[in-house]
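**Q** The following block contains a protein sequence and its predicted model.
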Amino acid sequence: MNKTVFSPELFGKRILFLIIIAVMIFSISCSNSDSTEPDVGNLKLMFSPAEQTVPANTEADYILKVENAENLFAFSAEIVFDNSVAELIQDAVVVGGFWNTDLLELSIVEDGRLSITISLQQTANEDGIDGNGDLFTFSIEGITIGESDITFENLLMIDENGNEVPNFDEIEITNGRLIVE
């Protein structure tokens, strides 16, 4: 006749193994990609291309892109660069396709700085745009051999009530860079 011997050490290992398996199954079921909730990414703002190399006295075009915007009504920023390396081309700001036709735009070119504001016009309906797209394009000319970062100051993205758009406090920014050879 066979005897069953209870071993506390073997029992503890089996329990630990079952707990590990249960945690793994729970983790896999929670990370299922068939979830009914949409995967909303972080708000992103980026220069495209992020880096360009041009010969001296040559223009480079940059597109400012936005991703995962929610209820964007207005954008305002100062784009800053080294004016000993590059200068903005006058009247070279073109509003991108992200915006509809009912908008207001103001851009001011200064030494080493482009101040720009783009806003929808207030209507009786709820105003604001969601999604991804091109906010605007601008041209900059490399005037002297060197490198310049292209960065933001005083960035603001608001909804029609004047509040920051969702996720603005966690915005991911990809700055630009111009290399003049």
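**A** Perfect, thanks for sending it. Since this is a predicted model, take the numbers as computed values, not measurements.
**Q** Leaving out sequence neighbours, find the closest residue to the residue nearest the centre of the chain.
**A** Centrality entry for the chain: nearest residue to the mean C-alpha point is Lys44, 1.0 Å, by Cα atoms, centre = their mean. Closest residue in space to Lys44, ignoring its immediate chain neighbours: Glu67 at 4.1 Å, by Cβ to Cβ, 6 or more residues apart in numbering. C-beta: built from backbone N, CA, C; applies to glycine.
**Q** if we can go back for a sec, and the residue nearest to the centre of the chain, bridged to which residues?
**A** Each beta-bridge partner of Lys44 is listed here: Glu67, Glu172, as defined by DSSP bridges.
**Q** OK, contacts around it?
**A** 65-68, 171-174 (Cβ atoms under 8 Å, 6 or more residues apart in numbering).
**Q** Export those to a markdown table and append columns for distance to Glu51 and pLDDT.
**A** Conversion of these to a markdown table gives the following (distance: Cβ to Cβ, whole Å; pLDDT from 0 to 100):
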| residue | distance to Glu51 | pLDDT |
| --- | --- | --- |
| Lys65 | 15 | 97 |
| Val66 | 19 | 97 |
| Glu67 | 19 | 97 |
| Asn68 | 23 | 97 |
| Ile171 | 20 | 96 |
| Glu172 | 17 | 96 |
| Ile173 | 15 | 96 |
| Thr174 | 10 | 96 |
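**Q** Since that was my last question, I'll sign off now.
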